[in-house]
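Asks: sequence and predicted structure below; questions after.
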Amino acid sequence: MLVLGIETSCDETAIAVVEDGRRIRSNVIASQVELHAKYGGVVPEVASRRHLEAIVPALEQALEQAEVGLSGIDAIAVTHGPGLAGALLVGVNFAKALARSTGAPLIGVNHLEGHVYAAWLDREEEPEFPLLALIVSGGHSDVVLVEGHPSREKDYRRIGETVDDAAGEAFDKVARLLGLGFPGGPAIDSLAAGAPTPSIRLPRAKVAGDYDFSFSGLKTKVQRIVRGEEGEAPGAAELAAAFQESVVDSLVTKALAAAEDNTARCIVLSGGVAANTLLRSELTRRSPLPVIAPPPVLCTDNGAMIAAAGYRRLIAGERSGLAMDVEPGLRIG
Ligand code: KG4
Ligand code: ZN
């Protein structure tokens with residue numbers, strides 16, 4: 001079964017063709033990062049307009065690379081939330097038009113569920129249930145227990161989340177404080193890689209929920225240090241490394257506790273921040289369970305993960321009608 005996956009929730013116009021929810025036949029990602037970099041963040045109106053320009057070429061490329069015509073596509077999966085309303089609308093309307101003209105079934109996909117299903121792509125073995133998913137992106141930091149493929153009867157269980165900033169948002173804000181570019185995650189990742197072992201230890205936030213996170217206090221702490229309010233500031237690279245160490249330690253500690261307490265059989269690490277080198281290595285090093293961290297290109301936003309998640313819903317008989325709307329505030333679990 002060939003599913004076309006369409007993703008336009010933020011600043012990537014992404015279309016993929018995936019076979020049976022697992023084998024990637026093509027995965028085209030037109031990133032808008034450079035367009036937004038000069039504004040220091042994603043500008044919603046600019047994102048929508050660029051999606052409109054990029055979506056037809058992305059479809060053509062995805063079909064060409066998959067060596068299939070539109071008539072060979074069995075179903076269409078599209079992100080309908082969460083994300084920027086105007087950006088989501090471009091993908092959803094495009095998907096509806098394709099479904100209408102080809103007669104292929106249509107399924108709306110939760111972007112966060114897509115991040116979980118990146119763990120099924122291009123791997124020999126399927127992840128085992130129950131699994132613990134740590135979804136860390138620019139908009140979300142969720143700890144989710146997945147007891148089986150979700151259906152109308154069995155949903156995800158969100159057991160932890162951030163109480164303030166998402167992990168990616170914290171990376172982006174701290175990168176701005178350090179004078180690095182946008183997006184901040186990759187910039188901090190590479191700057192920290194060349195840094196000496198940090199001489200300072202930044203705090204790990206205390207939060208009431210067992211598996212919850214908080215990153216805004218850490219950001220304020222970095223701000224005070226940068227402004228010289230806490231004595232002589234270390235260099236940017238060392239500060240980036242200390243910040244990254246604190247975020248990674250919080251994420252790994254909470255995810256491992258959640259996995260152990262819920263007798264998970266493996267841990268899935270996904271979302272844009274899952275591209276982080278230290279997070280990947282620390283989680284793998286400290287976890288007694290197998291850790292599935294998809295390659296970075298499948299952790300950041302892409303159409304293949306949307307096709308993979310859509311496939312599961314489709315084979316369970318789910319369909320979305322042409323009246324489907326965008327859901328910018330959609331959650332998982
Ligand atoms: O999942 P994603 O591509 O888009 C959303 O759904 O939000 O995540 C984007 C976020 C950004 O905040 C970006 O700074 C962060 O992921 N990110 C990283 C890295 N690569 C991307 N954060 C830390 N280290 C990285 N290597
Ligand atoms: Zn995402």
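Replies: Right, received. Where do you want to start? Residues are numbered from 1 along each chain as shown. Ligands and ions are numbered 1, 2, ... in the order given.

Asks: list the contacts of the closest residue in space to residue 250 that isn't next to it in sequence.
Replies: Of all residues not flanking residue 250 in the chain, residue 204 sits nearest, at 5.2 Å (CB to CB, 6 or more residues apart in numbering). Quick note: C-beta positions are derived from backbone N, CA and C, even for glycine. Taking CB atoms under 8 Å, 6 or more residues apart in numbering, we find residue 204 in contact with 246, 249, 250, 253.

Asks: list the helices and strands the helix or strand where residue 50 lies packs on?
Replies: Using DSSP states H and E, residue 50 sits within helix 44-66. Helices and strands touching helix 44-66, by 3 or more CB pairs under 8 Å, 6 or more residues apart in numbering; DSSP states H and E, are strand 2-7, strand 12-19, strand 23-31, helix 33-37, helix 85-102.

Asks: dump these into JSON lines; add distance to residue 270, mean pLDDT and mean neighbour count as well.
Replies: Converted to JSON lines, those look like this (distance: least, CB to CB, whole Å; pLDDT from 0 to 100; neighbours: other CB atoms under 10 Å):
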{"stretch": "strand 2-7", "distance to residue 270": "14", "mean pLDDT": "98", "mean neighbour count": "28"}
{"stretch": "strand 12-19", "distance to residue 270": "15", "mean pLDDT": "98", "mean neighbour count": "27"}
{"stretch": "strand 23-31", "distance to residue 270": "15", "mean pLDDT": "97", "mean neighbour count": "19"}
{"stretch": "helix 33-37", "distance to residue 270": "19", "mean pLDDT": "90", "mean neighbour count": "14"}
{"stretch": "helix 85-102", "distance to residue 270": "20", "mean pLDDT": "98", "mean neighbour count": "20"}
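
Asks: in TSV: the ones you listed, plus distance to ligand 1.
Replies: Putting the helices and strands packed on helix 44-66 into TSV (distance: least, CB to the nearest ligand atom, whole Å) gives the following:
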stretch	distance to ligand 1
strand 2-7	9
strand 12-19	7
strand 23-31	9
helix 33-37	9
helix 85-102	11
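
Asks: including distance to ligand 2, could the ones you listed go into CSV?
Replies: Shown next, in CSV, are these (distance: least, CB to the ion, whole Å):
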stretch, distance to ligand 2
strand 2-7, 8
strand 12-19, 9
strand 23-31, 12
helix 33-37, 14
helix 85-102, 12
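
Asks: mind checking which of these is nearest residue 184?
Replies: Residue 184 lies closest, by CB to CB, to one member of those: helix 33-37, at 10.7 Å.

Asks: just the CA trace of that closest one, in CSV.
Replies: Extracted in CSV, the C-alpha atoms of helix 33-37 (Å, rounded to 0.1, in the frame of the first residue of the first chain):
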residue,chain,number,x,y,z
VAL,A,33,14.8,27.7,7.6
GLU,A,34,16.9,30.3,5.6
LEU,A,35,13.8,32.3,4.8
HIS,A,36,12.9,32.7,8.5
ALA,A,37,16.4,33.0,9.9
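
Asks: show residues contacting it.
Replies: 11, 42, 43, 46, 47, 50, 181, 182, 183.
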